[in-house]
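Student: can you look at this prediction? I've put the sequence above it.
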Amino acid sequence: MFIKRKPAASRLVKVLLAIMLGVAAVAAPPAFAGGLSAGTQAADTFYTWMYSILGILSGCYLLYKGGMAWTDREHWSDFGIGVAKVAAVGAVSVLGPWAWSLFVN
């Protein structure tokens with residue numbers, strides 16, 4: 001009998017999800033204490049923090065891909081694909097609310 005191991009990417013996603021839920025659980029109770037305005041302010045602060053971190057990480061990813069292409073360890077097409085991936089993931093934050101507004105209005 002062989003034991004099948006899960007891929008490392010699956011474990012990484014689970015760990016990152018657990019970390020994000022933990023941060024949300026710790027950050028949420030103070031927001032409930034002040035009512036709706038305090039909760040809205042806490043959510044705005046969290047979004048600002050999250051988008052800042054994600055922007056820095058995407059910039060680091062593109063610098064890495066650009067450095068790999070510059071040193072001829074990857075093709076420049078790989079850098080272009082990396083730029084397209086970052087653009088697609090960034091577009092989700094705009095396309096999600098837009099798609100939601102199609103069904104609400």
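Tutor: That came in fine, so what should we check first?
Student: what ranges do the helices span in this structure?
Tutor: 8-33, 36-70, 76-104 (DSSP state H).
Student: can you tell me the average pLDDT over the second one?
Tutor: Pointing back at helix 36-70 there. The average pLDDT within helix 36-70 is 88.
Student: and if you look at the last one?
Tutor: Per-residue pLDDT values across helix 76-104 average out to 90.
Student: summarise which helices and strands that helix is packed against.
Tutor: Helix 76-104 is packed against helix 36-70, with contacts defined by 3 or more Cβ pairs under 8 Å, 6 or more residues apart in numbering; DSSP states H and E. The way it works is simple: take the backbone N, C-alpha and C, and place the C-beta from them, glycine included.
Student: report the angle between the helix it packs on and helix 76-104.
Tutor: Taking axes from the mean of the first three to the mean of the last three Cα atoms, to 10 degrees, helix 36-70 and helix 76-104 form an angle of 160 degrees between their directions.
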